[in-house]
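Novice: Give me a 3D structure for the following:
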Amino acid sequence: MAGAEKESGRTTGGRDTDDIRQRLDALEGKLDAARVRHAPPPEQPEGRGRAMGQALRLSTELVAGVVVGGFIGWVLDGAFGSKPFLMVAFLLLGAAAGILNVVRTAKRMQAEAPVPKDLKPVDGDDDD
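Specialist: Next up, the predicted model:
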């Protein structure tokens, strides 16, 4: 009984093993080539730090606009006794100025950013 000893009962010849080994080696070579083609580019710590710096700069500009606007409104409210109207108005103006600064800075950063090498140019307009 072949199943009792947990053996298949089929005799394996040297040709079958060699053929399987060659096919496995060929498949392994193809897999290695595919891994190399589709491997993500190595991350550069410099690029990560630069991105964090830019994000911090944008958030600081937005917060600074709101804080400066609120402070100016608070001082003017104290001087004119018109609490809280000028502070609210200048908070809104500070927020608008902060957003405007963020948009300007982001556009400038985008213009200065290097274009990735693997990016393909767009041929036509896709706004269908």
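Novice: Where does pLDDT dip in the protein?
Specialist: 1-15, 43, 117-128 (pLDDT under 70).
Novice: Against which helices or strands is the helix ranked longest in the chain packed?
Specialist: Scanning the chain for the longest helix, with DSSP state H as the assignment, gives helix 45-80. With contacts defined as 3 or more Cβ pairs under 8 Å, 6 or more residues apart in numbering; DSSP states H and E, helix 45-80 has these neighbours: helix 85-112. Backbone N, C-alpha and C define where each C-beta goes, glycine included.
Novice: Show me which parts of the longest helix of the chain are buried, residue by residue.
Specialist: Residues Leu58, Glu61, Leu62, Gly65, Val66, Val68, Gly69, Gly70, Ile72, Gly73, Trp74, Asp77 are the ones in helix 45-80 that count as buried (16 or more other Cβ atoms under 10 Å).
Novice: so what's the third one closest to, chain neighbours aside?
Specialist: Which is Leu62. Nearest residue to Leu62 in three dimensions, chain neighbours excluded: Gly98, at 4.2 Å (Cβ to Cβ, 6 or more residues apart in numbering).
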